[in-house]
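> Fold the stuff below for me.
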Amino acid sequence: MELDICFMNVHFIAIGGSAMHNLALALHNKGYKVTGSDDTIFEPSKSRLDAKGLLPEVFGWYPEKITQNLDAIVLGMHAKKDNPELLKAQELGLKIYSYPEFLYEQSKYKTRVVIGGSHGKTTITSMILHVMHYHDCDVDYMVGAQLEGFDVMVKLTEDNDFIVLEGDEYLSSPIDRRPKFHLYKPNIALLSGIAWDHINVFPTFENYVEQFSIFVDSIVSGGSISYNEEDHEVKCVVEASENTIRKLPYKTPNYSVKNGETLLETPEGDLPIAVFGKHNLNNLAGAKWICQHMGIDEDDFYEAIATFKGASKRLEKIAESKTSVAYKDFAHSPSKVEATTQAVKEQYSNRTLVACLELHTYSSLNANFLKEYKGALDAADVPVVFYSPHAVEIKKLEEVTHDQIASAFKRDDLIIYTNPDDFKDFLFSQDFNNKALLLMSSGNYGGLDFDEVKGLIE
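Here you go, the predicted structure:
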């Protein structure tokens, strides 16, 4: 079934997800008739769907919505295998797509640029889109964060030649257990780094690495991969591939930090940039190569990247005074925590760094995985870990103990909190004069109000 027919009827099962609702909005903007269901929808998805008339009138699953008039079903990860609407669609023999499958169908006649890696992919994708937008080069895209200057996180058109896709290694749908980035078949690809994650799906490191080998082999013949040669696993995976593609290594460019400002070395001299940290400079190098593949020359890339302030929730400055600063970051996996902590310490080397990590994800709360965090907070002057025993209970994991966490991080001075009020009391008792505060989590520390945190700094 071709998906480039105008005004298709598409129904989303689990329309409220971050990725799903953005795809629904993109199709609506393209002129398709879009419907959807979900059992609950949170902000900002709820308001954004409502503004376009796509919010379900009532929450829940209604098999009667599934009819032969539908041209396609898009199935989200939030749905279960026994979802009543999914069962009805299967019974009727309707075409059911996972989110990445549908994106591929929408872009199979375009040049597909796919950014993969355990870390850095959102930032690199954001950098590329920022540069293209800066130079008025219109491209289709899918990115995992809200970007400044962009209304939506997914854009699909009939006319644009390029589509830039963030290549997530997580599963495609409840009935399609392939990683999303296996389905995009890139013409131009990038691989930023490999560090074990999603242990509930990929139980061994070897199994996880294998997914990236499959990704490299999925690049279309004659295509290219830009890869971070400083990452040992990436280097091994790319160089071992027998796929007939061009292999283009990149590495962290030279830079310096002076008076809290990062200066990037360029052929035209030192360039002040807003992003900082070795990992982000490495991301920048990868983004530069991809932009050059897409027709942006080096000088134009540097001009544009100087104005890039970062992706949402990625080293996002939330408050600053003359003597103190606070950042929040989505970092939760060991490699991301280590890179982010080092970046903030390097940028503010003359300040005391208070680094607070919430163990919130399935992997981070798994007792067997905790040892991966060894050294992750070494750059912090005051290392703090918060986790909720209730979250462990909800995820049906074995209880994680205070001693296991203390042992895993290998810091005798590690401060550990399990009660949100105790953590908040600690935070609000600090004198932040001449300090940098870093809050790393994909959650909110059991209900921490980040606006209140700003008051500690300002």
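
> Find the nearest non-adjacent residue to Asn254, please.
Glu265 (4.0 Å; CB to CB, 6 or more residues apart in numbering). (C-beta placed from N, C-alpha, C; glycine too.)

> show me what contacts that neighbour?
With contacts defined as CB atoms under 8 Å, 6 or more residues apart in numbering, Glu265 is in contact with Pro253, Asn254, Tyr255, Ser256, Leu271.

> Show me which of those is closest to Phe102.
Of all the contacts of Glu265, Pro253 has the smallest distance to Phe102: 36.8 Å, by CB to CB.

> give me the element that closest one is part of.
Under DSSP states H and E, no helix or strand contains Pro253.

> helix/strand/coil for the closest residue to Leu377 other than its chain neighbours?
Spatial nearest neighbour of Leu377, chain neighbours left out: Pro383 (4.0 Å); criterion: CB to CB, 6+ apart. Taking DSSP: H, G, I helix; E, B strand; the rest coil as the rule, one finds Pro383 in the strand state.

> what do you get for Gly310?
Going by three-state DSSP: Gly310 is coil.

> residues near it, how many?
Neighbour count for Gly310, taken as other CB atoms under 10 Å: 23.

> Give the full set of residues in contact with the residue lying closest to it once chain neighbours are set aside.
In space, Gly310 comes closest to Val275 once its chain neighbours are excluded; the distance is 5.4 Å by CB to CB, 6+ apart. Applying CB under 8 Å, 6+ apart to Val275 gives the contacts Thr123, Thr262, Leu281, Asn283, Leu284, Phe308, Lys309, Gly310, Leu315.

> now the residue nearest the centre of the chain: how far from Tyr32?
Centroid-nearest residue in the chain: Thr122, 4.5 Å away (criterion: CA atoms, centre = their mean). In this view, Thr122 and Tyr32 are 26 Å apart by CB to CB, to the nearest Å.

> Please apply the same query to Thr40.
The value you get for Thr40 to Tyr32, if CB to CB is used, is 24 Å.

> next one: Gly117
Distance of Gly117 to Tyr32, given as CB to CB: 31 Å.

> Just checking, which helix or strand of the protein averages the lowest pLDDT?
helix 389-394 (a mean of 69; mean pLDDT, DSSP states H and E).

> returning to that earlier point: neighbour count winner among Thr40 and Tyr32?
Neighbours were counted for Thr40 and for Tyr32 using other CB under 10 Å; Tyr32 has more, 19 against 9.

> The more buried one contacts Phe12, doesn't it?
No. With contact defined as CB atoms under 8 Å, Tyr32 and Phe12 do not form a contacting pair (10.9 Å).

> Contact partners for Glu346?
Val257, Phe276, Gly277, Lys278, Ala379.

> for Lys108, same thing?
Lys185.

> Which parts of the stretch 301-450 of the chain are strands?
316-320, 324-329, 352-359, 382-387, 415-417, 435-440 (DSSP state E, counting those that start in this stretch).

> Save those strands as TSV, and put in mean neighbour count too.
Formatted as TSV, those follow (neighbours: other CB atoms under 10 Å):
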stretch	mean neighbour count
strand 316-320	16
strand 324-329	22
strand 352-359	24
strand 382-387	22
strand 415-417	18
strand 435-440	24
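
> can you list the ones you listed in JSON lines and add distance to Pro84?
JSON lines is the format used below for those (distance: least, CB to CB, whole Å):
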{"stretch": "strand 316-320", "distance to Pro84": "39"}
{"stretch": "strand 324-329", "distance to Pro84": "39"}
{"stretch": "strand 352-359", "distance to Pro84": "35"}
{"stretch": "strand 382-387", "distance to Pro84": "36"}
{"stretch": "strand 415-417", "distance to Pro84": "42"}
{"stretch": "strand 435-440", "distance to Pro84": "39"}
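
> Could you save these as TSV and add columns showing mean pLDDT?
Output for those, formatted as TSV (pLDDT from 0 to 100):
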stretch	mean pLDDT
strand 316-320	90
strand 324-329	93
strand 352-359	95
strand 382-387	94
strand 415-417	94
strand 435-440	95
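
> For Asn368, find the nearest of those strands.
Of these, nearest to Asn368 by CB to CB is strand 352-359, at 13.5 Å.

> all helices for this protein, in order.
18-30, 45-51, 84-92, 99-107, 121-134, 205-217, 232-240, 278-293, 298-305, 334-347, 389-394, 402-409, 420-428, 450-457 (DSSP state H).

> Where do the domain boundaries of this protein fall?
In terms of domains, the chain is parsed into 9-94, 102-305, 316-457 (source: automatic domain parsing).

> burial measure for the residue nearest to Asp197 when sequence neighbours are not counted, as a count.
Counting by CB to CB, 6+ apart, Asp197 lies nearest to Ser333, which is 4.9 Å off, once chain neighbours are set aside. Per other CB under 10 Å, the neighbour tally for Ser333 reads 23.

> and what of Phe215?
By other CB under 10 Å, 24 other residues sit near Phe215.

> before we move on, what about Lys88?
19.

> thought it was touching Ile66?
Yes. The pair Lys88 / Ile66 is scored as a contact, 4.1 Å apart, by CB under 8 Å.

> what sits in contact with each of those two?
Shared contacts of Lys88 and Ile66, defined by CB under 8 Å, 6+ apart, are absent.

> So for Ser441, what's the nearest residue that isn't a sequence neighbour?
Nearest non-adjacent residue to Ser441 (CB to CB, 6+ apart): Glu358, at 3.5 Å.

> can you pull the contacts of that neighbour?
Glu358 sits next to His332, Val385, Phe386, Tyr387, Met440, Ser441, Ser442, Gly443, Tyr445 when contact means CB under 8 Å, 6+ apart.

> Which phi and psi values does the closest residue to Pro389 other than its chain neighbours adopt?
Sequence neighbours aside, Thr418 is the residue nearest to Pro389 in space, at 5.7 Å (criterion: CB to CB, 6+ apart). Thr418 adopts backbone torsions of phi -120, psi -10, taken as degrees, to the nearest 10.

> what's the spacing between Thr418 and Lys435?
Thr418 is 24 Å from Lys435, by CB to CB.

> Per-residue pLDDT of the closest residue to Asp140 other than its chain neighbours, please?
Spatial nearest neighbour of Asp140, excluding adjacent residues (CB to CB, 6+ apart): Ile163 at 3.9 Å. pLDDT recorded at Ile163 is 98.
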